[in-house]
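S.K.: pasting the structure only:
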């Protein structure tokens, strides 16, 4: 009965430390329980785990550990324990037993660290009532911005919560700096893609903002969300959804072809011939060009044309060139083409006719490099060249012949040319570098090291051209996977080309790279001619009063100073 439940509760280890122990004591006394038995149960089962933990923390501080570091270790352990052992059924008994909202929940909601735990749990246990209630409370407490950035879709449980969070996420997109936009879009897509209804609702909102409010910059976000729903919700109803949202079903001559290419992510001559016929006619008969400017179609067209392992029938390849060039050069297909647009269309087709066979052949590159350079001024051609380079450098088989490895410097030279000519394609170059770093090339150690150094040099070039924060974020990822000597090389090369004043976002990105003990250790062995650069950088960071360092960052900078014996 109820008395047995009370006794079982008091027999638990450290039961006297439980949050509801006072309520259980009152219940026990009201049932005529013996005070002596109560004291014996509470005393015998007191283990003092909390005090022992505090004692160990004190010992760590006595032997020299920083109190902030100790607190972080303990908190991280507790958070990991909660995530690992969380039982949603037990959590939901808070409501089924009618005890009301627990006091500790309010503390968790107003603690950034514990809100993070709630978000992580809510992503895993989406049907847990207690967690859904906590998400609602977090939203009501005014943390919509944080929910938009960190909840990963756990806010989608309640429509009212989701709409508030979505509104805040759109504000973040509107105000993001260029260097932060990629992360903002990724967070937005994660938020929108938590379920089928959130995807569809988000697409409708973006469609309204684009068409009625003129926010054309959301086109990229619309497609990112659409790709997410295509990947997560299956392919049966998605094409119909796309046709409904974009008005594609009003143009039956291309409807099936656009849907086929978008879903299959691959081209076929039949669909390309239909598109060529539809867009090759007069202005009054042509569908809107936006349908073939669909990023998925542009990607599959470019990939299939520039993939050396694929062969397109020569009788059809001219139609491929026309459709791709038309999508890349024509701003409005339902008006007569201006003489300038017609010339640009013809020139782009001609450039594709020159470059594509070279990439398809994938040999004798030294003799063809000038032709490639001359024609990469056309944006769609340079994207094709990048697609070809990416397919080569991320294919482990490519590195098995000497001829191919000797061609790598030509690939890198072309990428440098593209970065100089097309600033908007620099993110694609960085993504290509990222993919190449992750490729297991099977090369010997010296060749692999040389390739990685060359890739880091290319990354430094992107950084010097203004693509700063994305490059540093990428290097932060690579520093986990690669030889620390490469990160040391990157940092010393970086410090040789930058000088104060530095933005705070730049400095914090640098600190995230060097905060790992192995990286700090490798910096201590920096060559003598580079040591002055590192010392000067550390002195600037620690002596300047203009940077709002937090406690952890100050500790890291002090460790760096100590590493170089600076006083």
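M.R.: Looks like it arrived, so ask away. This is a predicted model, so every value here is computed, not measured.
S.K.: for the nearest residue to residue 304 once chain neighbours are set aside, what are its contacts?
M.R.: In space, and not counting its chain neighbours, residue 304 is closest to residue 267: 4.6 Å by CB to CB, 6 or more residues apart in numbering. Where you see a C-beta, it was placed from the backbone N, CA and C, and this is true even at glycine. Residues in contact with residue 267, defined by CB atoms under 8 Å, 6 or more residues apart in numbering, are 261, 300, 301, 304, 320.
S.K.: next SSE after the helix or strand where residue 209 lies?
M.R.: Residue 209 is part of helix 196-211, with elements assigned from DSSP states H and E. As assigned by DSSP H and E, the chain's next helix or strand after helix 196-211 is helix 219-232.
S.K.: Distance from the next helix or strand after that next one to the middle of the chain?
M.R.: With elements assigned by DSSP H and E, the helix or strand that comes after helix 219-232 is helix 238-246. Between the centre of helix 238-246 and the centre of its host chain there is 26 Å, according to CA atoms, centre = their mean, to the nearest Å.
S.K.: And helix 238-246, what's buried?
M.R.: Using 16 or more other CB atoms under 10 Å as the test for burial, helix 238-246 gives 238, 239, 241, 242, 243, 246.
S.K.: Can you list the helices and strands that that helix packs against?
M.R.: When contacts are defined as 3 or more CB pairs under 8 Å, 6 or more residues apart in numbering; DSSP states H and E, helix 238-246 packs onto helix 196-211, helix 219-232, helix 252-264.
S.K.: Show the pLDDT at the closest residue to residue 74 other than its chain neighbours.
M.R.: Beyond its immediate neighbours in the sequence, the residue positioned closest to residue 74 (CB to CB, 6+ apart) is residue 57, lying 6.3 Å away. At residue 57, the model reports a pLDDT of 86.
S.K.: what's the helix or strand for residue 386?
M.R.: Under the criterion of DSSP H and E, residue 386 resides in helix 379-393.
S.K.: Now do that helix: everything it contacts.
M.R.: The list of residues contacting helix 379-393 from outside it, by CB under 8 Å, 6+ apart, reads 302-303, 305-309, 324-325, 327-329, 348, 351-352, 355-356, 359, 362, 372, 375-376, 398, 404, 407-408, 411, 414-415, 418, 421-422, 424-425, 428-429, 432, 435-436, 439.
S.K.: now swap in stretch 169-185 and tell me
M.R.: If you take CB under 8 Å, 6+ apart as the criterion, stretch 169-185 is touched by 145, 148-149, 187-188, 191, 205, 209, 218, 220-221, 224, 427, 467-470, 473, 505.
S.K.: Weed out the non-buried ones from those residues.
M.R.: Buried members of the contacts of stretch 169-185, scored by 16+ other CB under 10 Å, are 148-149, 187-188, 191, 205, 209, 218, 221, 224, 467-470, 473.
S.K.: Most widely separated two among those residues?
M.R.: For the buried ones among the contacts of stretch 169-185, the maximum inter-member distance is 32.0 Å, found between 205 and 468 (CB to CB).
S.K.: Which one of the helices and strands packed on helix 238-246 lies nearest to residue 31?
M.R.: Distances from residue 31 to each of the helices and strands packed on helix 238-246 were compared using CB to CB; the minimum, 49.4 Å, belongs to helix 196-211.
S.K.: Show me what that closest one is packed against.
M.R.: For helix 196-211, the contact count by 3+ CB pairs under 8 Å, 6+ apart identifies helix 159-175, helix 181-192, helix 219-232, helix 238-246 as packing neighbours.
S.K.: between the ones you listed, which gets nearest to residue 563?
M.R.: Proximity to residue 563 (CB to CB) singles out helix 181-192 among these, at 30.3 Å.
S.K.: Using neighbour counts, pick out the buried residues of that closest one.
M.R.: Applying a neighbour-count criterion of 16+ other CB under 10 Å, the buried positions in helix 181-192 are 181, 182, 184, 185, 187, 188, 189, 190, 191, 192.
S.K.: and the angle from it to helix 159-175?
M.R.: 170 degrees (axes from the mean of the first three to the mean of the last three CA atoms, to 10 degrees).
S.K.: pLDDT on helix 181-192, on average?
M.R.: Per-residue pLDDT over helix 181-192 has a mean of 80.
S.K.: quick one: that helix to helix 196-211, angle?
M.R.: Calculated by the same axes, to 10 degrees, helix 181-192 forms an angle of 130 degrees with helix 196-211.
S.K.: So which bits of the longest helix seen in the chain are buried?
M.R.: Taking DSSP state H as the criterion, the chain has its longest helix at helix 339-361. For helix 339-361, a neighbour-count test (16+ other CB under 10 Å) marks 341, 344, 345, 348, 349, 351, 352, 355, 356, 358, 359, 360 as buried.
S.K.: does the fourth one really touch residue 376, like I thought?
M.R.: To tie it back to what came earlier, the one meant is residue 348. No - under the contact definition of CB atoms under 8 Å, residue 348 does not touch residue 376, with a separation of 11.9 Å.
S.K.: Out of the contacts of helix 379-393, which end up buried?
M.R.: If we count by 16+ other CB under 10 Å, these have these buried: 302-303, 305-307, 324-325, 327-329, 348, 351-352, 355-356, 359, 362, 372, 375-376, 398, 404, 407-408, 411, 414-415, 418, 422, 425, 428-429, 432, 436.
S.K.: low-confidence ranges in the stretch 1-150 of the chain?
M.R.: Of all residues in the stretch 1-150 of the chain, those with pLDDT under 70 make up the ranges 1, 95-101, 148-150.
S.K.: quick one, helices of it?
M.R.: Using DSSP state H, counting those that start in this stretch, the helices of the stretch 1-150 of the chain run over residues 2-10, 21-30, 35-44, 49-62, 67-85, 88-96, 103-109, 112-124, 129-140, 144-150.
S.K.: mind putting the ones you listed in CSV, distance to residue 170 included?
M.R.: Shown next, in CSV, are the helices of the stretch 1-150 of the chain (distance: least, CB to CB, whole Å):
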stretch, distance to residue 170
helix 2-10, 49
helix 21-30, 45
helix 35-44, 54
helix 49-62, 44
helix 67-85, 30
helix 88-96, 31
helix 103-109, 24
helix 112-124, 20
helix 129-140, 16
helix 144-150, 9
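S.K.: To residue 489, which of those helices lies closest?
M.R.: Each of the helices of the stretch 1-150 of the chain was checked against residue 489 via CB to CB, and the shortest separation belongs to helix 67-85, namely 29.3 Å.
S.K.: list the buried ones in that closest one?
M.R.: Applying a neighbour-count criterion of 16+ other CB under 10 Å, the buried positions in helix 67-85 are residue 70.
S.K.: got the contact list for that helix?
M.R.: Identification of contacts with helix 67-85 by CB under 8 Å, 6+ apart yields 53, 57, 60-61, 113-114, 116-117, 120-121, 551-552, 555.
S.K.: PyMOL command to pick out the buried ones of those residues?
M.R.: Once 16+ other CB under 10 Å is used to decide burial, the buried members of these can be selected in PyMOL as follows:
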select buried, resi 57+60+114+117+120+121
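S.K.: and which of the contacts of helix 67-85 is nearest residue 231?
M.R.: Where the contacts of helix 67-85 are concerned, and distances follow CB to CB, residue 231 has its nearest neighbour in residue 120, at 22.3 Å.
S.K.: List the contacts of that closest one.
M.R.: Under the contact definition (CB under 8 Å, 6+ apart), the residues listed for residue 120 are residue 83.
S.K.: ditto for residue 495
M.R.: With the criterion set at CB under 8 Å, 6+ apart, residue 495 makes contact with 530, 533, 534, 536, 537.
S.K.: gap between residue 69 and residue 76?
M.R.: As for residue 69, its distance to residue 76 is 11 Å (criterion: CB to CB, to the nearest Å).
S.K.: whoops, residue 514 was the one
M.R.: On the measure of CB to CB, residue 514 and residue 76 end up 21 Å apart.
S.K.: just for the protein, where's the confidence low?
M.R.: Counting by pLDDT under 70, the chain contains low-confidence ranges at 1, 95-101, 148-158, 160, 179, 194, 233-237, 479-482, 565-567.
S.K.: Check which helix or strand residue 547 maps to.
M.R.: With the criterion set as DSSP H and E, no secondary-structure element contains residue 547; it sits in neither a helix nor a strand.
S.K.: Give me the nearest residue to it, chain neighbours excluded.
M.R.: Nearest one to residue 547, counting by CB to CB, 6+ apart, is residue 504 at 5.7 Å.
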